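Peer 1: Any chance you can model this:
(4 chains)
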There are 2 protein chains.
Amino acid sequence: MPRPSAAGPPPGDAGTSAPPALPTTERGRRMRARLLVAAREVFERDGFLEARVTDISAAAGVAHGSFYTYFGSKTAVFRALVAETMDDLYASMSTRGETGPPDGSPAEVAVHRIDQANRRFVAMYRQNTALMALFEQVTTFDPEVRAQRQAARERNVGRVRHSIEQLQRDGLVAADLDAEYAAHALVAMVNGAVHYWLVLDGDFEEERLVATLTRLWAQALGLPVHA
Amino acid sequence: MPRPSAAGPPPGDAGTSAPPALPTTERGRRMRARLLVAAREVFERDGFLEARVTDISAAAGVAHGSFYTYFGSKTAVFRALVAETMDDLYASMSTRGETGPPDGSPAEVAVHRIDQANRRFVAMYRQNTALMALFEQVTTFDPEVRAQRQAARERNVGRVRHSIEQLQRDGLVAADLDAEYAAHALVAMVNGAVHYWLVLDGDFEEERLVATLTRLWAQALGLPVHA
DNA sequence: GTTGACATTGACGTCGACGTCAACTTAGCT
DNA sequence: AGCTAAGTTGACGTCGACGTCAATGTCAAC
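Peer 2: Model (predicted):
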């Protein structure tokens, strides 16, 4: 236990002091990692607003003060958590082309790829449902989290846009379709539908959802659905 | 000014006392309305988290205590505000069929209607951008707001689903398309795209956006786009 | 075994926001 | 005018969360 020393003189404006650097020792890194795990737990259970720094340190099994050795504030841990998760998500999504497409027409191959992407997206979202909901929430008032989110979305949309442009060059999609806006809209469709079902509703048939999403996506681009 | 009386004994748990009833006098109704307007201002400026009850009363030009005559807490005003806005939104959206469709094939009429709905949606969203963003934010931690939101979405999706089913009966849309999931997905597309552009990005060409949305929507349903 | 940089602890002061209430004002009724 | 119920006021006590820091523990290197 700490000494019953004189209490520390508190500052007027909190959160404006030194931004903690990354730990240098192995021990420090472990501590930081434990705090991150604990933070994820507490955030998922209580939400961002109701999460208390005290609870995070307690869940990590360390003293309250130790938290501030690694993170400047509640928002800071959250940002770190989001960054970490986003990296994982996009790493898992860029496993493109791994599963070989079936022998078929170029259009069939394209539809197959869309379907695979949709399935990967749903799976990934399902694994991080709670955090994605929080992400949505914090985005509104933390500019840095908003930037993280926007960057993630740009990356995602960029990939889709390139696919569409490729399909246009191959003559499979009408050339006068605005690839950028279409990419945004289609990403919004999948994102919004999955978000709604997983975060807000929760009662849905995954297979029907994915099948409908793929079909709508393909038809929206003018790709043949059956054949 | 109030008397410098003895300070009131505060309760242990706040917010659990009597839920204020609606005002009975005309004066009371005006006051409540002013508070609602002020609350909207403050929420839009500061966000839900940073909004202070004090600021709301100040903006309304009344004493801090008066706030509690009409609303039990910050969350309570917010709920009232959301309810009010949602009513307005859906009232303005149900002006369906007002503008006569052009003489054309049934499919052309359908596409025309989709376009009009998209335009109305964007306009309505644009007028309430700040509040819609907050709505998103509060949804995550207030069950009641979540319920309001879900109800609003169900109403919206329900209308779309009926349209799709009608088109299926008319033979304009493939009968084996899952109308419910498709409706959800298409609403998510428009909602998500508009939300992204208005709330998160802000730099977009409305005409191109709406045109692309309409085209994707129509093609997704298998409706002819040009002709 | 001693050293010292790094890590850990938890009690503490401070602060901001909240909700209350006793006194006071307003306005409708008789 | 007198009465009363509804509305209004703002100073005040309370509370919870925060971030700090002096004291103490740890461990690798010498």
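Peer 1: From here on, just use CA atoms for contacts and neighbour counts.
Peer 2: OK.
Peer 1: Which parts of chain A belong to which domain?
Peer 2: A:26-72, A:80-220 (automatic domain parsing).
Peer 1: Any idea which of the ones you listed gets closest to B:T69?
Peer 2: domain A:26-72 (26.2 Å; Cα to Cα).
Peer 1: roughly how far apart are A:A38 and DNA strand D?
Peer 2: From A:A38 over to DNA strand D the distance is 14 Å, taken as Cα to the nearest atom of the strand, to the nearest Å.
Peer 1: for that residue, phi and psi?
Peer 2: Per-residue torsions, A:A38: phi -60, psi -40 (degrees, to the nearest 10).
Peer 1: That one: neighbour count?
Peer 2: Using other Cα atoms under 10 Å in any protein chain shown, the number of residues around A:A38 comes to 19.
Peer 1: Give me the phi and psi for A:T24.
Peer 2: phi -100, psi -30.
Peer 1: Pick out the residue closest to the middle of chain A.
Peer 2: In chain A, the residue lying closest to the centroid (Cα atoms, centre = their mean) is A:M86, at 4.5 Å.
Peer 1: ok, that residue - contacts?
Peer 2: A:A152 (Cα atoms under 8 Å, 6 or more residues apart in numbering or on different chains).
Peer 1: Could you do A:T129 as well?
Peer 2: With the criterion set at Cα under 8 Å, 6+ apart, A:T129 makes contact with A:L198, A:V199.
Peer 1: and if you look at A:A107?
Peer 2: Contacts of A:A107 (Cα under 8 Å, 6+ apart): A:L172, A:L223, A:P224.
Peer 1: For the residue in chain A that DNA strand C sits nearest to, the count of nearby residues, please.
Peer 2: Closest to DNA strand C within chain A is A:G65: 3.0 Å, counting by Cα to the nearest atom of the strand. A:G65 has 11 neighbours, counted by other Cα under 10 Å.
Peer 1: Nearest to B:L22, out of the domains of chain A?
Peer 2: With Cα to Cα as the measure, domain A:26-72 is the member of the domains of chain A nearest B:L22 (29.3 Å).
Peer 1: could you dump stretch A:21-28 to CSV, C-alpha only?
Peer 2: C-alpha atoms of stretch A:21-28 as CSV (Å, rounded to 0.1, in the frame of the first residue of the first chain):
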residue,chain,number,x,y,z
ALA,A,21,4.7,7.4,-24.0
LEU,A,22,4.7,3.7,-25.0
PRO,A,23,6.3,1.5,-22.3
THR,A,24,9.9,0.5,-22.7
THR,A,25,10.1,-2.6,-20.6
GLU,A,26,8.5,-6.0,-21.3
ARG,A,27,6.7,-5.6,-18.0
GLY,A,28,5.3,-2.3,-19.1
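Peer 1: where exactly do the helices run in chain A?
Peer 2: In chain A, the helices defined using DSSP state H lie at A:26-50, A:53-60, A:64-70, A:74-93, A:106-127, A:129-139, A:143-169, A:179-195, A:206-220.
Peer 1: mind listing what's buried in the fourth one?
Peer 2: Right, helix A:74-93. For helix A:74-93, a neighbour-count test (16 or more other Cα atoms under 10 Å in any protein chain shown) marks A:K74, A:V77, A:F78, A:R79, A:L81, A:V82, A:A83, A:M86, A:L89 as buried.
Peer 1: likewise the last one?
Peer 2: Within helix A:206-220, the residues scored as buried using 16+ other Cα under 10 Å are A:L209, A:V210, A:A211, A:T212, A:L213, A:T214, A:R215, A:L216, A:W217, A:A218, A:Q219, A:A220.
Peer 1: DNA strand C next: which of those are close?
Peer 2: Among the buried residues of helix A:206-220, no residue is within reach of DNA strand C (Cα under 7 Å from any atom of the strand).
Peer 1: of all the residues you listed, which comes closest to A:R32?
Peer 2: Checking the buried residues of helix A:206-220 against A:R32 with Cα to Cα, the nearest one is A:V210 at 38.0 Å.
Peer 1: The closest one reaches A:A117, doesn't it?
Peer 2: No: when contacts are counted by Cα atoms under 8 Å, A:V210 is not listed as touching A:A117 (9.9 Å).
Peer 1: okay if I get the domains of chain A as CSV plus mean pLDDT?
Peer 2: Formatted as CSV, those follow (pLDDT from 0 to 100):
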stretch, mean pLDDT
domain A:26-72, 89
domain A:80-220, 86
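Peer 1: For A:N118, which non-adjacent residue is closest in space?
Peer 2: The shortest distance from A:N118 to any non-neighbouring residue, by Cα to Cα, 6 or more residues apart in numbering or on different chains, is to A:V210 (6.5 Å).
Peer 1: How about the contacts made by the one you found?
Peer 2: Contacts of A:V210 (Cα under 8 Å, 6+ apart): A:D115, A:N118, A:R119, A:V122.
Peer 1: Please apply the same query to A:S66.
Peer 2: Neighbours of A:S66 in contact, by Cα under 8 Å, 6+ apart: A:S57.
Peer 1: Appreciated, that's everything.
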